[in-house]
Every structure is written in C-alpha cells, then in structure tokens.
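Student: Okay, sequence plus prediction incoming.
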Amino acid sequence: MFTLKTALIIPTRNRPQNLYSTLKYFVQNKIKFKKIMVIDSSDMSLKKEISSICRKFRVDLFFSKPSTSGQRNLGLKKIKKSKLEFVMFLDDDLKFYKDSFVAMDLNIKKYKKKYIGFAFNNTKLNKKKSLLEIMKVSKFIEKIGLYSSTGGQVLDSGWQTKIENLSKNLETQWLPTSATIFKKKNIKSNYFDKSFGIYSYLEDLDLSMQLNPKKNNTFLVVSNAKFVHLKEIARTSFSFGYYELVNRYKIVKKFQFRKLSFFLMASVKIILTAFSVIFNYKNIFKLLGNIVAFFICVISL
C-alpha cells in the first residue's frame, strides 16, 4: 500500500478524542505508514493526554504554536531529508469509510505518473445550501466568470470551486488538505504560507497554486476513497470575516489573477453575508470583518 512509502502529518489542537479515534482506525484496519507525526498546539491542560495517546500508538509527537500552516510546515521540515515517495496531510477530525484507503491505493498505483496529488472524497451530509452557495452557481455569476458549478476549478476571481460528494473521480486544479497525498519530490521546496493567520484560511489553495501555477488538472480526487468531516466550524467572527477576503486577495496578487473579478465577487459576497444576518445575527461580526478587509484591499491597489 502507498502508506508504506508515506509520511503522515496530523496537526491537532485540543481534540484528544478525535486524535485517538483517527490513530485507532489505522490500527484496526492494519494501515501502516512509514512515519506518523502529530504536531500538537493544544492548551497545556491537554498536552499530557495528547502525549499519552501518541505513546500508545507509537507515533512521533512535536509541539508547536497554534497555526495549521506552521504545524504542517514543521512536519515537512522533519522529513525534508528522508527518502519517502509521498506526504499525506490529515485533519484530526475525520471519519474514513472502511475501504477508503484501499480505494486510494488502487488509484495511486494506476495514476501516480499522471498526477502530483490525490485527495479523499469529502462526503458531507446533505444540508440546506446557504444563499451564498445558491448565488455562486447562478447562471449570471458563472457567465461573467466569477464562479463555476464545475468542482475543483480555480477562477480568475481568485475563488476556487468546492469538491465534495463526488460520484466519480474528478481531475482538479486545486486540492483541500483535509485528507490529501502529494508526491514528496513535488512538495519538498514548497511550504504553507504562515501569513494567512491563525485560521490558515486558504492555505490549501495557496499551496495548490504553488504546485500548479498554470491551473492544469494536476490533481485527482478519488470518489470511492470517502470520509466525513465530523466538526463543522461556525465561522462568524470578525477575525474570520477579515482574513476571508484579505487572504484571498493575497492569492489574487501572488498568482496574478484578475483584481477586478476579485472585487466584483467580493462585493457579491458582502451583500449576501449582509442578508445572512437576518437568519443568524452572529454573522454581523463576519460582515464587519469582510467590509474592513474589502477597504484594506482597495487601499493596497
């Protein structure tokens, strides 16, 4: 299995039970990695428990300040000189199906010469779409090139399209890093951008563009390699609203996307976030963060 040639990097923070369940899954399904690294940024009150779990499963444990980007980068630095074929990034709050890794292994063996990265399929439970999600895939928005109903694309506006609930394999221009494997030779000189703040929002898009600057279909999401994301984070804070646009504008400038398209899409998003306040008053803080970020982006033109 590909895992025998893979270093697994798991950033974690204050989730000992999720970490335990993840590591237990590998033992129960006899999935062995060449190396497993847990990069922990938990509060002091939980570090002892995290350490105990890592000793139990005999995995390497390192400590870091809270930052998903920083934690993943620390893992990459630890394996920089090692002779491995793959690097896998894994969130600590996922639940895999029983045959997910078998399906991934089959596809990596079949397509590893064609793609530089592979991702598991996020099978989110069906839920009511937000107004923003509905508007983003409207014919008008798609016609003017600000978004697309095709999954796994990166638009000139700087927005990437979602990848989830796939019924067949999908070639993509970017990959989320929830459960993703990259060829080590391609990623060895690339790191996650730590300037994206504690949320590390869009770090996966930034890394994907580093590896795929020409926006080719360089990656593959394997439909039968399924997982469920257990934790849905409510992102309603001012800080998230701020980084939501500031980080995306960094990507627009860094990879020379169309600034006008970015500002048009950002305007649509702000208007829709304002409407969402009617249904969830807490979104007012995210809206304020969006507005402040928008003007900061304008000033930096």
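Tutor: Perfect, I can see it now.
Student: Quick one: distance of stretch 114-128 to the chain centre.
Tutor: Chain-centre distance of stretch 114-128: 10 Å, with C-alpha atoms, centre = their mean, to the nearest Å.
Student: residues making contact with it?
Tutor: Residues outside stretch 114-128 that contact it (C-beta atoms under 8 Å, 6 or more residues apart in numbering): 96, 100, 104, 107-108, 111, 163-166, 171-172, 175-176, 178-183, 186, 208, 211-212, 218-229. All C-beta atoms are positioned from the backbone trio N, CA, C, and that covers glycine.
Student: Just the buried subset of those residues, please.
Tutor: 96, 100, 104, 107-108, 163, 166, 172, 175-176, 178-183, 186, 208, 211-212, 218-227, 229 (16 or more other C-beta atoms under 10 Å).
Student: can you pull the contacts of Lys250?
Tutor: Here Lys250 is in contact with 193, 195-196, 206 (C-beta under 8 Å, 6+ apart).
Student: what does Asn280 give?
Tutor: Asn280 touches Thr236, counting by C-beta under 8 Å, 6+ apart.
Student: For it, give its distance to Glu232.
Tutor: The spacing between Asn280 and Glu232, counted by C-beta to C-beta, to the nearest Å, is 14 Å.
Student: just for the stretch 51-200 of the chain, where's the confidence low?
Tutor: 125-146 (pLDDT under 70).
Student: how about the helices of it, start to end?
Tutor: For the stretch 51-200 of the chain, the helices defined by DSSP state H, counting those that start in this stretch occupy 68-78, 100-111, 131-136, 139-143, 184-187.
Student: Quick check: which of these is nearest to Leu19?
Tutor: Of all those, helix 68-78 sits nearest to Leu19, with 12.9 Å by C-beta to C-beta.
Student: where's the host helix or strand of Ile270 relative to the chain centroid, distance-wise?
Tutor: Element membership of Ile270, judged by DSSP states H and E, is helix 259-276. Relative to its parent chain, helix 259-276 has a centroid offset of 22 Å by C-alpha atoms, centre = their mean.
Student: got a list of contacts for the next helix or strand after that helix?
Tutor: Per DSSP H and E, helix 259-276 leads on to helix 283-299 as the next helix or strand towards the C-terminus. The contact list for helix 283-299 (C-beta under 8 Å, 6+ apart) reads 235-246, 249, 262-263, 266-267, 269-270, 273-274, 276-277.
Student: Kindly recompute the last result at 6 Å.
Tutor: Helix 283-299 has contacts (C-beta atoms under 6 Å, 6 or more residues apart in numbering) with 236-238, 241-242, 245-246, 249, 266, 270, 273-274, 276-277.
Student: which of those sit farthest apart?
Tutor: With C-beta to C-beta as the measure, no two of the contacts of helix 283-299 lie farther apart than Tyr249 and Val277, at 22.9 Å.
Student: can you tell me which residues contact Asp105?
Tutor: The contact partners of Asp105, by C-beta under 6 Å, 6+ apart, come to 1-2.
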